[in-house]
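Q: let's see this in three dimensions:
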Amino acid sequence: VKAVLAAADKAGKAGTLSIDEQLAAALLALEGEQWEAAGKYFQKVVDARPDDSAPIYLTWGLGLLLAEENDASVRVFRQALDRKSLPDDNPAFRIYLASALAYAGEGAEALKVIDEAIDLDKDNPRLMGRRAWILYQSKDYPKAKEAYERLLAKFGDDYETPEVRDVLREARLVLSNIEVLTGTMPAAEEWLQQVLDEYPRDVSAQNDLGYLWADQGKHLHRALRMTQYAVNQEPDNHAYRDSLGWALHRLNRNEEALEQLEKAAEEESPDGVILDHLADIYSSLGKKEEALKHWKRALDAFDKEQDADKIKATEQKIKQAGK
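A: Take a look at the predicted model:
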């Protein structure tokens, strides 16, 4: 990638690089996570083709957003709006900008932008759902719950529009997670059961409900079937493998659980919960040194997330293991 970009820079200085070639360089740089080069070439393309810039801004901004380059994504979508690359009544770039702002930790500004989008299309359930999600992303759980419940009340009886059903499905999944975070497990289970009533094969709901049951020691064989189904559907999903491993652990099938949790923890920066579960299973198998190593890794992950409850619980496990 760097060699191709170097060749593009050389051709650019010689004045022999066409706009299409500059776009190719921009796309290659984006794919290769060469953010500075991507920005330089995308900027040249949108400057040269202002009337056709909307799809370029979309590719550029979403590429950054998916790579968690949130501040850069904010700048791209702001420029797209400032330059009016879409008609004023098209809310698309406001939606993407609001999402990027939320991920960047700018919740208040994200709400302002999504409200501007809603003003353009007041009865759009996806925009209402995005506003609720921004509140959820900002950890304002009471307001997020209220916003999602308003969405369900407004559109719950519309069974004719597939997009509406999909928005409501997402709302119930998030509402379940809010109930988990606020410690209301029966309500969390109920939201997931509502999803499965309508979408019996929904992979996310199968996994989430199976995990909740396993974590509480309830319906363990059903929990195992549900989490196994999720892994069968998406074998590369680390969270689903964590759920399956945890269900196996609850059934005292720890060797099988270890295999799943080790796969779940293979990514470069595993989630703290996955590492904590892996350490618990090593401990159950009598592998104290491995357990301590992974609890310490989990503690580092929870420190980064500033999750006080998980930090305290993990520190207690390390202390007990050290005795």
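Q: what's the closest non-adjacent residue to residue 61?
A: When the adjacent residues along the chain are set aside, residue 61 lies closest to residue 76, with 4.0 Å between them (C-beta to C-beta, 6 or more residues apart in numbering). From N, CA and C alone the C-beta is placed, and that goes for glycine too.
Q: next, the buried residues of the helix or strand residue 168 falls within.
A: Assignment of secondary structure by DSSP states H and E places residue 168 within helix 162-181. By neighbour count on 16 or more other C-beta atoms under 10 Å, the buried set for helix 162-181 is 164-165, 167-180.
Q: what do you get for stretch 219-238?
A: Buried residues in stretch 219-238, defined by neighbour count with 16+ other C-beta under 10 Å: 219, 220, 223, 224, 226, 227, 228, 229, 230, 231, 237, 238.
Q: let me know the closest of those to residue 35.
A: The shortest approach to residue 35 among the buried residues of stretch 219-238 belongs to residue 238, at 25.3 Å (C-beta to C-beta).
Q: what sits closest to that closest one if chain neighbours are left out?
A: The shortest distance from residue 238 to any non-neighbouring residue, by C-beta to C-beta, 6+ apart, is to residue 264 (4.6 Å).
Q: where's the one you found relative to residue 294, distance?
A: Separation of residue 264 from residue 294 (C-beta to C-beta, to the nearest Å) stands at 12 Å.
Q: repeat that for residue 312.
A: Counting by C-beta to C-beta, the gap from residue 312 to residue 294 is 17 Å.
Q: have a look at the two and say which one is more surrounded.
A: With other C-beta atoms under 10 Å as the criterion, residue 312 and residue 294 differ in neighbour count, and residue 294 comes out ahead with 24 against 10.
Q: distance of the residue nearest to the more buried one when sequence neighbours are not counted relative to residue 56?
A: Excluding the flanking residues, the one nearest residue 294 by C-beta to C-beta, 6+ apart is residue 279, at 3.7 Å. Distance of residue 279 to residue 56, computed by C-beta to C-beta: 46 Å.
Q: the more surrounded of those two?
A: residue 279 (27 against 21).
Q: which helix or which strand is home to the more buried one?
A: Using DSSP H and E, residue 279 sits in helix 272-284.
Q: do residue 58 as well
A: Per DSSP H and E: residue 58 is located in helix 54-66.
Q: ok, residue 247 next?
A: helix 238-250.
Q: how far does that helix sit from the chain's center?
A: If you compare the mean C-alpha spot of helix 238-250 with that of the full chain, they lie 19 Å apart, counting by C-alpha atoms, centre = their mean, to the nearest Å.
Q: that one vs helix 272-284, what angle?
A: Orientation of helix 238-250 against helix 272-284 (axes from the mean of the first three to the mean of the last three C-alpha atoms, to 10 degrees) gives an angle of 30 degrees.
Q: burial count for the closest residue to residue 63 other than its chain neighbours?
A: Excluding the flanking residues, the one nearest residue 63 by C-beta to C-beta, 6+ apart is residue 30, at 4.5 Å. Each residue near residue 30 was counted by other C-beta under 10 Å, and the total is 23.
Q: look up how far residue 6 lies from residue 30.
A: The gap separating residue 30 from residue 6 is 17 Å, by C-beta to C-beta.
Q: contacting residues for residue 115?
A: Contact criterion C-beta atoms under 8 Å, 6 or more residues apart in numbering gives residue 131 as the residues in contact with residue 115.
Q: how does it look with 10 Å?
A: The neighbourhood of residue 115, defined by C-beta atoms under 10 Å, 6 or more residues apart in numbering, consists of 94, 98, 127, 131, 134.
Q: in space, what's closest to residue 92 - neighbours in sequence excluded?
A: If you skip the residues right next to it in sequence, residue 92 has residue 86 as its closest partner in space, 6.1 Å away by C-beta to C-beta, 6+ apart.
Q: isn't the one you found right up against residue 57?
A: Yes: with contact defined as C-beta atoms under 10 Å, residue 86 and residue 57 form a contacting pair (8.7 Å).
Q: okay, and the common contacts of these two?
A: A shared contact of residue 86 and residue 57, defined by C-beta under 10 Å, 6+ apart, is any residue touching both; here these are 80, 92, 93.
Q: the first one against residue 46, yeah?
A: Spelled out, it's residue 80. Yes: using C-beta under 10 Å as the test, residue 80 is close enough to residue 46 to be in contact (8.2 Å).
Q: residue contacts, residue 135?
A: Counting by C-beta under 10 Å, 6+ apart, the residues that residue 135 touches are 102, 107, 110-111, 114, 141-148, 178.
Q: hmm, 6 Å instead?
A: Taking C-beta atoms under 6 Å, 6 or more residues apart in numbering as the contact definition, residue 135 lies against 143, 144, 147.
Q: check which helix or strand covers residue 90.
A: When elements are assigned from DSSP H and E, residue 90 belongs to no helix and no strand.
Q: near it, how many other residues are there?
A: Residue 90 is surrounded by 15 other residues when neighbours are defined as other C-beta under 10 Å.
Q: what of residue 123?
A: Neighbourhood size, residue 123 [other C-beta under 10 Å]: 9.
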